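S.K.: Got a sequence here, can you model it:
(2 chains)
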Amino acid sequence: MSIGSVPLRFKVELDSERCMKCGRCVENCSYGVFRKEGENIVVANPRGCVACHRCLAFCPRDAISIYEKPTDYRSHPVWTREVREAVFNQAKTGRIIVAGMGNVLPYPEIFDRLVLDACQVTNPSIDPLREPMELRTYIGKKPAALAVKEKKNGDAELLTQISPNLKLETPIMIGHMSYGAISLNAQTALAKAVTKMGTFMGTGEGGLHESLYPYQDHMIVQVASGRFGVDINYLERGAAIEIKIGQGAKPGIGGHLPGEKVCADVSCTRMIPEGSDAISPAPHHDIYSIEDLKQLVHSLKEATEWKKPVFVKIAAVHNSAAIAAGIARSGADAVVIDGFRGGTGAAPRVFRDHVGMPVEAAVASVDAKLRKQGIRNEVSIIASGGIRQSADIAKIICLGADAVYIGTSALVAMGCRVCGTCNRGTCAWGIATQRPELTQRLDPETNAVQVANLIHAWTDEIAELMGAAGINSIESLRGNRDRLRGYMLDEGLLNVLDVKTVGA
Amino acid sequence: MAAVRIDAKDLHYTPLNQQIRKAVSDGVKEIVIDNVLGQRFIADGLRGDDVTVTVNGVPGGDLAMFMSGPTVIVHGNADHAPGNTMNQGKVIVHGSAGDATAHSMRGGRVYIRDNIGYRGGIHMKQYREKRPILVVGGSARAFLGEYMAGGLLIVLGLNGQIPVAERGVGSGIHGGEIFVRGEVEARYLGVGAKQLPATAEQMAMIQPIIEDFAKSFGLDPAPILKEKYSRIAAASARPFANKYTPE
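M.R.: Below you'll find the predicted structure:
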């Protein structure tokens, strides 16, 4: 190989003064970095290190340090390290580069250039400790008008038939991460957390494992292009059904779970043979038009006797607003907009980094388009992809979202360090792997508490932000762009977001 | 229990399906629907292993979608995607069917007497005892059995037709098998599909299925079985294994 090896990504240092030679790092590292040699522990294979910090987190003596990029290339503003190393990789292999997690390019973060409002003097802020704060959120169609009839006793009888809605105690849901992409223990922890918090999670396109049936009233079952694990039993179990058209991390392409990850249990849940590749085609082959989408929405409703809301998830792309308007007319109850910062188990690097758009701009334009067409009540908007903190949630609700899906942040609550190697199936945290010796590291009980804690803390923070802005109901925050100002955003983007600049 | 007849004239599919479901839950085994004209989703998600639904007329798209158990017999043509994501049961169409017939089907059988449109049997898959079977009497259009992950697809090319004479046959196939009476011209095979003459063992496997198909339409199976068949299957179980490299 004339290219030779590329510089180490991470340098792993073991402080022999501090090391007590307990061997926890050797046991915990699933990438074979450490080795016991006689009495000592050595860093045998630093090239294997992905900086997942599993060793460091379990070292009782803080003896391990990890340094990123210990070797410099000649710096160059155009020929970055990443660009050069991708060329090396593809020159050697001739293949498409895949990786886990989301977009790694340093695009400006719109969230961080939006600031929230707070009350001063002229209108008082509300103390959430003293006053009730309404964060309950309903996802689904809202009637454009209500017809009522007065009964003889003076009571009103509602004549309008209300479409099924999901009732969320917080506007935070957990997005679709399939069994296969993540472990059953990880899914179980998430399921316990959403059940405790009165919210919902997605199954992803991996079916619904039997052991999760007790949480089915808090699960949104997904129907994607591979139709894995989809039968009438599955559809009836879900609290809602989501048609996945696209994903923010890889818009326009399908998915591909390699045979190595299809163990006996995954095979049973997806309903495919053990060890076979699970290939989800790029399009749904029964949806080649917006009319066909309507047909799939209706077929799912008809199969489940019109009892369940049906969501449609699309990746945020150039024409999201027009597409969402089509979805709103398809009979769907909610549209999920997945921004290009969304994570994934595996995506081609070229898609992950270069296709799609930020969720902030997509949600704002979808909300504006639906309002302009007078059909905003027909669908709820769920924002997903790159929600990192409660402030992001408050801001995206101001831009028009009804609720959010979180994904990566829920995994981080279970120990994930965002090392970005989910695609390799050797996740040392027991999250993105199906190896029994690794998945057993993840205790569903304690991790459920951590995920529930995160949702609880963010919900509290949203309540505080609302109170500070003099708002006591999430309904009054939704689409309330007056509570946002753009800081150093250009005029074009301010127009798209329909937000004024700071000082205006 | 006596058969139930439903008049579908000017009836929307939802009340139609409600009547079908009610009949099934009442224990009716024979349901006959007359004057069907384009109603979609007939028997969508319907259960009941020993229930037979006879459709007189032309049903709309997604007939027997997600269906799990019953037999649906159509006296007429079917629109697109009959047997879509079907789980179990049987669909017998005395006529032709549209695009994406048996799309993503995971169990049971779909018999189409005449022809089917594009993307027939696309992404069919199998698991353990669940092995979907699609048999087409006439011919199929392009992309037959594309992305097929399991199951069995047979195209007979009866009445002097060429079973399939368009591109993309079995492209991306990584499981299951396609049999055609005669053979598919090599230029029409999709990426990753490989064609070989059917062996005696394979013929013995499909013979009872073809006999059952013939019986369903009152045909004599002997002349159908007399000719040579070809089998198209995956050239590799991992068609995309060499496409990717980790970052």
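S.K.: Tell me the residue of the stretch 301-450 of chain A that sits nearest chain B?
M.R.: residue A:303 (3.2 Å; Cβ to the nearest Cβ). Every C-beta, even on glycine, is put in place using the N, C-alpha and C of the backbone.
S.K.: give me phi/psi at that residue?
M.R.: phi -60, psi -30 (degrees, to the nearest 10).
S.K.: OK, contacts around it?
M.R.: A:232, A:235, B:41, B:44, B:45, B:65, B:66 (Cβ atoms under 8 Å, 6 or more residues apart in numbering or on different chains).
S.K.: where does the fourth one land on pLDDT?
M.R.: Reading off the per-residue confidence, residue B:44 sits at a pLDDT of 97.
S.K.: Give me the packing partners of the helix or strand of chain B with the lowest mean pLDDT, helices and strands only.
M.R.: Ranked by mean pLDDT, DSSP states H and E, the weakest helix or strand in chain B is strand B:244-246, scoring a mean of 91. Judged by 3 or more Cβ pairs under 8 Å, 6 or more residues apart in numbering or on different chains; DSSP states H and E, the packing partners of strand B:244-246 are helix A:81-93, strand A:96-99.
S.K.: worst average pLDDT in the ones you listed?
M.R.: Among the helices and strands packed on strand B:244-246, strand A:96-99 scores lowest, with a mean of 92.
S.K.: can you pull the pLDDT of residue 109?
M.R.: Just so you know, I chose chain A. At residue A:109, the model reports a pLDDT of 96.
S.K.: that answer is for a different chain, and I need it for chain B
M.R.: 98.
S.K.: tell me the contacts of it?
M.R.: Here residue B:109 is in contact with B:89, B:90, B:91, B:132, B:133, B:134, B:135, B:209 (Cβ under 8 Å, 6+ apart).
S.K.: quick one: it from chain A, how far?
M.R.: Residue B:109 sits 16 Å away from chain A, going by Cβ to the nearest Cβ, to the nearest Å.
S.K.: partner residues bridging that residue?
M.R.: Beta-bridge pairing for residue B:109 (DSSP bridges): residue B:90, residue B:133.
S.K.: Give me every residue in the stretch 351-500 of chain A lying close to chain B.
M.R.: For the stretch 351-500 of chain A, the residues in contact with chain B (Cβ under 8 Å from any Cβ of the partner chain) are A:420, A:421, A:423, A:424.
S.K.: Output the residues you listed in TSV; the columns should cover secondary structure.
M.R.: Below are these laid out as TSV (DSSP: H, G, I helix; E, B strand; the rest coil):
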residue	secondary structure
A:420	coil
A:421	coil
A:423	helix
A:424	helix
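S.K.: Just among the residues you listed, which is most surrounded?
M.R.: Using other Cβ atoms under 10 Å in any protein chain shown as the neighbour test, these are led by residue A:423, with 22 neighbours.
S.K.: Can you give me the distance of that one to residue A:452?
M.R.: According to Cβ to Cβ, to the nearest Å, residue A:423 stands 28 Å off from residue A:452.
S.K.: what does residue A:315 give?
M.R.: 29 Å.
S.K.: Looking at the two now, which is surrounded by more residues?
M.R.: residue A:315 (30 against 20).
S.K.: wait, doesn't that one sit right on residue A:282?
M.R.: No: with contacts counted by Cβ atoms under 8 Å, residue A:315 stays clear of residue A:282, the gap being 11.8 Å.
S.K.: Report the contact partners of the residue nearest to residue B:192 when sequence neighbours are not counted.
M.R.: Excluding the flanking residues, the one nearest residue B:192 by Cβ to Cβ, 6 or more residues apart in numbering or on different chains is residue B:239, at 4.1 Å. Contact analysis of residue B:239 by Cβ under 8 Å, 6+ apart lists A:277, B:172, B:173, B:174, B:191, B:192.
S.K.: Shouldn't the third one be within a helix?
M.R.: No: with three-state DSSP as the criterion, residue B:173 is coil rather than part of a helix.
S.K.: Determine how far whatever helix or strand residue B:208 lives in lies from the middle of the whole chain.
M.R.: Counting by DSSP states H and E, the element that carries residue B:208 is helix B:200-216. Centroid displacement of helix B:200-216 relative to its chain, using Cα atoms, centre = their mean, to the nearest Å, is 15 Å.
S.K.: Following it in sequence, what is the next regular element?
M.R.: Downstream of helix B:200-216, the first helix or strand assigned by DSSP H and E is helix B:221-226.
S.K.: where exactly do the strands run in chain B?
M.R.: Along chain B, counting by DSSP state E, strands occupy B:4-7, B:30-37, B:52-58, B:68-75, B:88-93, B:109-112, B:133-136, B:149-155, B:175-181, B:193-197, B:229-234, B:244-246.
S.K.: that older thread, buried subset of the contacts of residue B:239?
M.R.: For the contacts of residue B:239, a burial check counting by 16 or more other Cβ atoms under 10 Å in any protein chain shown picks out A:277, B:172, B:173, B:174, B:192.
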